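Novice: missing the sequence, but the structure's below:
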């Protein structure tokens, strides 16, 4: 079992983390020349960082320790270029080196991929830049328009090294924990010390201690164990395969959860605003990014309530339609044997079937089947007089609106929640639609993700964090300082 299963252990762990953050600020800044003291000082400066290896070199002419990132440094290159010359006492055979006279400088070079060499009696660290190339993959699910075209791979330590390389921040901390029931695989969490809440870390480790799945081949298996409300349809952890998204989340004070050799990671805590944001937003000009964000929110509202609103207006509240539009709808429905609710429901189910079929088919056939199928079926049902033309247009617009939602799982949830909205519209008309929307909103207001409100920073309102929703000038949200 993992740590933090007892309250006392939780308190001790929180105090230890606080001491680490404070100790990193007060630790000695220069090397003393004592190997053990320098290693201890460097450990305090970067701890906890379980991806960093401290390797004492046996058989060397002088007592020394090599420090490097696991997954970043190639083992063969390290053995041939550094370890062998040190063991033979051939200092001239070492690769071209640099030096770091302070702990801060040494940490900066370590987290940029260099290898550190600490020696007994030497008051500086020798750094080596070994040739290395970190293989990266292209994102397959999250399409990249702007920004780095880098995704995580199916190697835990390589993924940690990729995040380290992109973050380039000395306060990034990494902890590696064995899975409770499978010690051949490991969890890993990455976060920024001093910014990530320690209470969230403690709660995350507590929930991971209850993982009962023996073979966690993908991080999505962990979601039921991390949910605050297991009965809520909304997910409270964000899944991503993009390296830049995870790096920005870690630098922003969130936790990045790695599991086994999965090529995706989980970001937490998660809010609805974060789920609706796209990684491309930060690479676009401010106003363009804000417009696209608002377009996503409008599209999500359309995908959730547009069909229910049409059922309520066309089936119950016809008096709300302008006269020309009411006559146009009536003409289109002339001869259609199905009521409005049945029309919309049948076409919505057909679209869902086509969408699922396109996912399951090979890539060479999926686009053809989805496009041709939609055109053929839509034209056929209209000519047969089974479905009216406005319903075809409505369902197509709703389908397009659901595609705008950046998170795949959130888009599925919105598509599923529109069916109860249709039922509410049939029973109570527009009143039912409004009540259903109010019910969903109240459910979102009470949701939490590791203690963080799911609708933050809107509910409750945090003016200092409104840039997560709209990237308007920051001074708009800053409170005036008392004079």
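Specialist: It's in. Given the structure is predicted, the values throughout are model-derived calculations rather than measurements. Numbering: from 1, shown residues only.

Novice: Can you tell me which helix or strand of the protein has the lowest average pLDDT?
Specialist: helix 7-26 (a mean of 48; mean pLDDT, DSSP states H and E).

Novice: Could you identify the helix or strand that succeeds it?
Specialist: helix 35-46 (DSSP states H and E).

Novice: pLDDT below threshold where in the stretch 1-150 of the chain?
Specialist: The model of the stretch 1-150 of the chain has pLDDT under 70 over residues 1-28, 91-92, 133.

Novice: domain parsing for the chain?
Specialist: Under the assignment automatic domain parsing, the domains of the chain span 31-128, 156-270, 284-453.

Novice: and the shortest one, how far apart are its ends?
Specialist: Spelled out, it's domain 31-128. End-to-end distance of domain 31-128 (CA to CA, to the nearest Å): 18 Å.

Novice: ok, now the longest one?
Specialist: Across its full length, domain 284-453 reaches 28 Å between end residues, using CA to CA.

Novice: In three-state terms, label residue 270 for me.
Specialist: For residue 270, the assignment made with DSSP: H, G, I helix; E, B strand; the rest coil gives coil.

Novice: just checking, it touches residue 240?
Specialist: No - judged on CB atoms under 8 Å, residue 270 makes no contact with residue 240 at a distance of 10.5 Å. C-betas here are computed from N, CA, C, even on glycine.

Novice: Residue 121: what secondary structure?
Specialist: Assigned by three-state DSSP, the conformation of residue 121 is coil.

Novice: ok, how many other residues are close to the closest residue to it other than its chain neighbours?
Specialist: Distance criterion CB to CB, 6 or more residues apart in numbering; nearest residue to residue 121, sequence neighbours excluded, is residue 33 at 5.4 Å. Other residues near residue 33 number 14, with proximity taken as other CB atoms under 10 Å.

Novice: For residue 33, give me phi and psi.
Specialist: Main-chain dihedrals, residue 33, degrees, to the nearest 10: phi 100, psi -20.

Novice: Please report the distance of it from residue 463.
Specialist: Residue 33 is 51 Å from residue 463, where distance means CB to CB, to the nearest Å.

Novice: How about residue 139?
Specialist: 34 Å.

Novice: Which one's more surrounded, these two?
Specialist: Neighbours per residue (other CB under 10 Å) separate residue 139 from residue 463, with residue 139 holding more: 22 against 11.

Novice: So the more buried one sits against residue 147, correct?
Specialist: No - checked against CB under 8 Å, the pair residue 139 and residue 147 is beyond contact range at 9.9 Å.

Novice: What sits closest to the residue in the chain sticking out farthest from the centre if chain neighbours are left out?
Specialist: Centroid-distance maximum for the chain: residue 335 at 49.8 Å, with CA atoms, centre = their mean. Counting by CB to CB, 6+ apart, residue 335 lies nearest to residue 385, which is 4.9 Å off, once chain neighbours are set aside.

Novice: what about the one you found, how many neighbours?
Specialist: Using other CB under 10 Å, residue 385 has 13 neighbouring residues.

Novice: SS state for it?
Specialist: Assigned with three-state DSSP, residue 385 falls in the coil class.

Novice: OK, contacts around it?
Specialist: 335, 336, 337 (CB atoms under 8 Å, 6 or more residues apart in numbering).

Novice: Reformat those residues as JSON lines; add distance to residue 156, pLDDT and secondary structure.
Specialist: Formatted as JSON lines, the contacts of residue 385 follow (distance: CB to CB, whole Å; pLDDT from 0 to 100; DSSP: H, G, I helix; E, B strand; the rest coil):
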{"residue": "335", "distance to residue 156": "62", "pLDDT": "77", "secondary structure": "coil"}
{"residue": "336", "distance to residue 156": "57", "pLDDT": "81", "secondary structure": "coil"}
{"residue": "337", "distance to residue 156": "59", "pLDDT": "83", "secondary structure": "coil"}
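
Novice: Out of the residues you listed, which is nearest to residue 235?
Specialist: residue 336 (38.2 Å; CB to CB).

Novice: measure the closest one to residue 388 for me?
Specialist: 5 Å.

Novice: so what's in contact with those two at the same time?
Specialist: With CB under 8 Å, 6+ apart as the test, residue 336 and residue 388 both reach residue 343.

Novice: Which one's more surrounded, the two?
Specialist: Higher neighbour count among residue 336 and residue 388: residue 388, with 25 against 19, using other CB under 10 Å.

Novice: Give me the distance between the more buried one and residue 34.
Specialist: Taken as CB to CB, the span from residue 388 to residue 34 is 84 Å.

Novice: Same question for residue 45.
Specialist: Using CB to CB, we find residue 45 at a distance of 16 Å from residue 34.

Novice: More neighbours: which of those two?
Specialist: Using other CB under 10 Å, the more surrounded residue of residue 45 and residue 34 is residue 45, with 21 against 14.

Novice: isn't the more buried one right up against residue 103?
Specialist: Yes - in this structure, residue 45 is within contact of residue 103 by CB under 8 Å, at 5.3 Å.

Novice: what's the distance between stretch 87-99 and the middle of its chain?
Specialist: Relative to the centre of its chain, stretch 87-99 is centred 42 Å away, using CA atoms, centre = their mean, to the nearest Å.

Novice: contacts for it?
Specialist: With CB under 8 Å, 6+ apart as the contact definition, stretch 87-99 has outside contacts at 57-61, 81-82, 84-86, 109, 114, 117, 124-130.

Novice: If we use 6 Å, what do you get?
Specialist: For stretch 87-99, contacts defined as CB atoms under 6 Å, 6 or more residues apart in numbering pick out 59, 60, 61, 81, 85, 124, 126, 127, 128.

Novice: so who does the closest residue in space to the last one that isn't next to it in sequence touch?
Specialist: Once flanking residues are discounted, residue 128 sits nearest to residue 115: 4.4 Å by CB to CB, 6+ apart. Neighbouring residues of residue 115 by CB under 6 Å, 6+ apart: 68, 73, 128.

Novice: among those, who's most crowded?
Specialist: When neighbours are taken as other CB under 10 Å, the top entry among those is residue 68 (23 neighbours).

Novice: Tell me who's in contact with that residue.
Specialist: Residues in contact with residue 68 (CB under 6 Å, 6+ apart) are 53, 115.

Novice: Work out for me the element it sits within.
Specialist: Secondary structure from DSSP H and E places residue 68 in strand 64-69.
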